[in-house]
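In: mind folding the following:
(one chain, ligands or ions: 1)
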Amino acid sequence: KKETPKPISDKATQLEQHVADSTGQYMTTDQGLKINDDQNSLKAGERGATLLEDFILREKITHFDHERIPERVVHARGSGAHGIFKVYEDQSALTKAHFLCNPDIETPVFVRISTVAGSRGSTDLARDVRGFAVKFYTQEGNFDLVGNNMPVFFIQDAIKFPDLVHAVKPEPDNEMPQAASAHDTFWDFISFMPEASHMIMWQMSDRAIPRSLRMMEGFGVHTFRLVNAEGVSHFVKFHWKPLLGVHSVAWDEAQAISGKDPDFHRRDLWEAIESGAFPEWELGVQIVPEEDEFKFDFDLLDPTKLIPEELVPVQRIGKMTLNRNPDNFFAETEQVAFHVGHVVPGIDFTNDPLLQGRLFSYTDTQLIRLGGPNFHEIPINRPVVPVHNNQRDGFMRQTINRGKTSYGPNGIANNDPQQAKAKDGGFVSYNERIDARKIRARSRSFFDHFSQAKLFFNSQSEPEKNHIIDAFSFELGKVKSVEIRERMLGLLNHTDPKLASEIAFALGLHVPKIPLPEMNGSVPADADPADYTPVQT
Ligand code: HEM
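Out: Sure, this is the predicted structure:
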């Protein structure tokens, strides 16, 4: 028998059931026993010894001893906020996702904005990419848009992600530097990674030092799919456009702020929301019909490329407003678990090899970070619709599943949940045709690493260009190895010889001419040089 779902429409109401407020209450143990004295341990006489019997002391200290969980392996430092999202107009021509089809639907969201490299206690003003993760609690389940404040990424294949992160994180012997890109391991890795050329221009630009988390763009980065009720798919790039505009600080300001107030962004977001100046972003989409997949001079599946807005304008289809601070940082901001794989009918994936790896990584890491397979039951992670399946047990299980059986098909109890047809809201993967050989390789359509890096540099104003040159000069100036600095200059020379020579001048070095096939790793030995932007001298 199918149960009629009774969705709790408001995430805040759902969370309210878990909120504890101790104002005016008696103190109790975790078992609810009222405590008479929690300031003195139980002793044999005033001067001790302390008695093992003291269950109040033991409980208090044991809980304290277990308070910490692992920080996120990346994006460890973040700030969260609740809000709402509303679409402006029915988007059913593009997608059957309910929350995008009805302007009357107000979808609760939880957003976490983060730095990538630093640990939980690192400064907000590090020169770094910012994570921009949004969880939509829709009536069809949770949809997570897990993006960044830059539209492209460092690498083209998820198999390189552990290397990238090991290079970005503090050096393994001395755990330095904490939250900056200015170190040998990072630039060593990047200097061998021509595909990072575009991203590194964004990372050395003003985008990497936002004035406020309220004044940043967000990007889904990968090309995703929107699929309508007829099964027609369009490629989509997601954008968040801040209504306050995009603003940055200068590097000198960033360093001064980091010294004076490492919580600068977190405080700004918190205080804006407390004072009613609610941050707002419009959701933008760039839409490409399936038949236009190969009309660009880059590959839509390549996460180091954006679709220039001149070619495909961004349509603004809805608005997100952050209007409530969390009640508890740990319970909400720390325990929230985003995942690119959390989609709803009408939103689907592409074969972007970075996205495909992410689809594995998030749940996997959360299994250890949040202590087992039941983290979806943590209040901040629960969908606002009921959850029914045959998954059972595991550490910290909270749901009390009723019934004699927990499998399907099931002829005994007739209480097992039923699979939903597409017309009843069941998720059906887009039936993309794939006819291919199994091969460990990369498409030639992923080989042009410099055109968009150059495009980005040329799109900048003179002061912005100077900031980029200064940023490279500052960061590479901190690199101890001259070999790494020179290799970086050789790589930058492929993006823009003038940029490379200005940085070289600042560093007191010359730009070496390194032909691309000699750059380790990214270019296969048998590659056709015509696939690359030629070295400019
Ligand atoms: C965390 C974005 C690539 C693995 C995050 C977070 C964001 C993000 C925003 C923070 C989530 C939060 O606030 O809780 C991105 C973007 C990527 C990217 C935009 C590329 C376009 C990857 C790749 C992998 C990966 C390729 C692995 C193959 C992780 C992991 C976490 C994380 C393990 C920690 C999650 C947690 O502990 O909850 N990412 N990421 N990411 N990302 Fe990515």
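
In: got the residues of the chain near the ligand?
Out: Contact residues, the chain versus the ligand (Cβ under 6 Å from any ligand atom): 72-75, 78, 112, 114, 131, 133, 146-148, 153, 158, 161, 221, 303, 336-338, 354, 357-358, 361-362, 365-366, 369. No exception for glycine: its C-beta is placed from N, CA and C like everyone else's.

In: of the residues you listed, just the buried ones, ChimeraX syntax please.
Out: Entered in ChimeraX, the line below selects the buried ones among the residues of the chain next to the ligand, by 16 or more other Cβ atoms under 10 Å:
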select :72,74,75,78,112,114,131,133,146,147,148,153,158,161,221,303,336,337,338,354,357,358,361,362,365,366,369
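
In: among the residues of the chain next to the ligand, which are in strands?
Out: G78, R112, S114, G131, A133, V146, G147, N148 (DSSP state E).

In: farthest-apart pair in those, please.
Out: G78 and G147 (13.3 Å; Cβ to Cβ).

In: residues contacting the residue of the chain found nearest the ligand?
Out: When scored by Cβ to the nearest ligand atom, the chain has G131 as its residue closest to the ligand, at 2.7 Å. G131 is in contact with H75, G78, R112, I113, S114, T115, V116, V146, G147, N148, N149, counting by Cβ atoms under 8 Å, 6 or more residues apart in numbering.

In: could you rerun that using 10 Å?
Out: Shown in contact with G131 (Cβ atoms under 10 Å, 6 or more residues apart in numbering): 72, 74-75, 77-78, 112-116, 146-149, 218, 338.

In: equivalent analysis for Q398, please.
Out: Contacts of Q398 (Cβ under 10 Å, 6+ apart): N374, E377, I378, P379, R382.

In: with respect to A12, which of the residues you listed is nearest?
Out: Taking those together and measuring to A12 by Cβ to Cβ, the closest member is P379, at 11.0 Å.

In: ok, the residue lying closest to the closest one once chain neighbours are set aside - how many residues close by?
Out: Setting aside the residues directly before and after it, P379 is nearest to H18 in space (Cβ to Cβ, 6 or more residues apart in numbering), at 4.4 Å. By other Cβ atoms under 10 Å, the residues close to H18 number 13.

In: was I right about H18 contacting Q335?
Out: No. Using Cβ atoms under 10 Å, H18 makes no contact with Q335, being 11.4 Å away.

In: between these two, which contacts overlap?
Out: With Cβ under 10 Å, 6+ apart, H18 and Q335 have common neighbours N328, I378, P379, I380.

In: can you flag which of these belong to strands?
Out: Per DSSP E, these never map to strands.

In: can I have the buried ones of those residues as a PyMOL selection?
Out: Here is the PyMOL command that selects the buried residues among the shared contacts of H18 and Q335 (16+ other Cβ under 10 Å):
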select buried, resi 378+379+380
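
In: can you give me the strands for the chain?
Out: 78-87, 107-115, 130-138, 141-148, 218-219, 224-227, 233-242, 280-289, 315-324, 347-348.

In: same list (those) but as CSV, adding mean pLDDT.
Out: Shown next, in CSV, are the strands of the chain (pLDDT from 0 to 100):
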stretch, mean pLDDT
strand 78-87, 98
strand 107-115, 98
strand 130-138, 98
strand 141-148, 98
strand 218-219, 98
strand 224-227, 98
strand 233-242, 98
strand 280-289, 98
strand 315-324, 98
strand 347-348, 98
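
In: those strands: which one's closest to T123?
Out: That would be strand 107-115 among the strands of the chain, by Cβ to Cβ, at 8.3 Å.

In: and that closest one, which strands flank it?
Out: strand 78-87 (antiparallel), strand 130-138 (antiparallel) (DSSP bridges).

In: so the shortest one versus strand 141-148, what angle?
Out: Angular relation of strand 130-138 and strand 141-148 on a 0 to 180 degree scale: 170 degrees, by axes from the mean of the first three to the mean of the last three Cα atoms, to 10 degrees.

In: first-to-last residue distance for stretch 44-57?
Out: Taking Cα to Cα, to the nearest Å as the measure, stretch 44-57 stretches 14 Å from start to finish.

In: contacts for that stretch?
Out: 27, 29, 31, 33, 35-38, 40-43, 58, 60-62.

In: among those residues, which ones are buried?
Out: Here the buried ones among the contacts of stretch 44-57, as counted with 16+ other Cβ under 10 Å, turn out to be K60.

In: farthest pair in the contacts of stretch 44-57?
Out: Q31 and K43 (22.4 Å).

In: residues in contact with L145?
Out: 85, 109, 111, 132-136, 218-220, 224, 238, 240, 283, 320, 338, 340, 342-343, 347.

In: how many neighbours does the closest residue to it other than its chain neighbours have?
Out: Ranked by Cβ to Cβ, 6+ apart and with sequence neighbours excluded, the top spatial neighbour of L145 is V134, at 4.6 Å. Using other Cβ under 10 Å, the number of residues around V134 comes to 25.

In: what do you get for R68?
Out: Using other Cβ under 10 Å, R68 is surrounded by 9 other residues.

In: how close does it get to S119?
Out: 12 Å (Cβ to Cβ, to the nearest Å).

In: with Q178 instead?
Out: 7 Å.

In: common neighbours of these two, please.
Out: In contact with both Q178 and S119: K169, P170, using Cβ under 10 Å, 6+ apart.

In: any weak-confidence spans in the stretch 351-500 of the chain?
Out: For the stretch 351-500 of the chain, not a single residue meets the criterion pLDDT under 70.

In: quick one: the helices in it?
Out: 353-369, 451-459, 462-477, 482-495, 497-507 (DSSP state H, counting those that start in this stretch).

In: same for the shortest one, what does it pack against?
Out: Helices and strands touching helix 451-459, by 3 or more Cβ pairs under 10 Å, 6 or more residues apart in numbering; DSSP states H and E, are helix 197-203, helix 462-477, helix 482-495, helix 497-507.

In: alpha carbons of the first one, as PDB, please.
Out: Extracted in PDB, the C-alpha atoms of helix 197-203 (Å, rounded to 0.1, in the frame of the first residue of the first chain):
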ATOM      1  CA  SER A 197      46.300  27.800 -17.100                       C
ATOM      2  CA  HIS A 198      42.800  29.300 -17.300                       C
ATOM      3  CA  MET A 199      41.900  28.700 -13.700                       C
ATOM      4  CA  ILE A 200      45.200  30.100 -12.400                       C
ATOM      5  CA  MET A 201      44.400  33.400 -14.100                       C
ATOM      6  CA  TRP A 202      41.200  33.600 -12.200                       C
ATOM      7  CA  GLN A 203      42.900  32.500  -9.000                       C
END
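
In: pull the contacting residues for the nearest residue to K135 once chain neighbours are set aside.
Out: Once flanking residues are discounted, K135 sits nearest to F110: 4.7 Å by Cβ to Cβ, 6+ apart. If you count contacts by Cβ under 10 Å, 6+ apart, F110 has them with 11, 15, 80-83, 133-137, 142, 144, 322, 324, 326, 332-333, 336, 338, 380-381.

In: most widely separated two among the contacts of G131?
Out: R72 and G218, at 18.0 Å, using Cβ to Cβ across those.

In: isn't the residue nearest to L145 up against F219?
Out: No. Counting by Cβ under 10 Å, V134 sits too far from F219 to count as a contact (11.7 Å).

In: give me the common contacts of the two.
Out: With Cβ under 10 Å, 6+ apart as the test, V134 and F219 both reach L145, G147, F238, W240.

In: residues contacting the nearest residue to the third one once chain neighbours are set aside?
Out: Nearest-residue entry for F238: G220, 3.3 Å, with adjacent residues in sequence omitted and distances by Cβ to Cβ, 6+ apart. Applying Cβ under 10 Å, 6+ apart, one finds that G220 lies in contact with 132, 134, 145-148, 151, 236-240, 283-285, 340, 355.

In: buried ones only from those, please, as a ChimeraX command.
Out: To isolate the buried members of the contacts of G220 in ChimeraX, using 16+ other Cβ under 10 Å:
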select :132,134,145,146,147,148,151,236,237,238,239,240,283,284,285,340,355
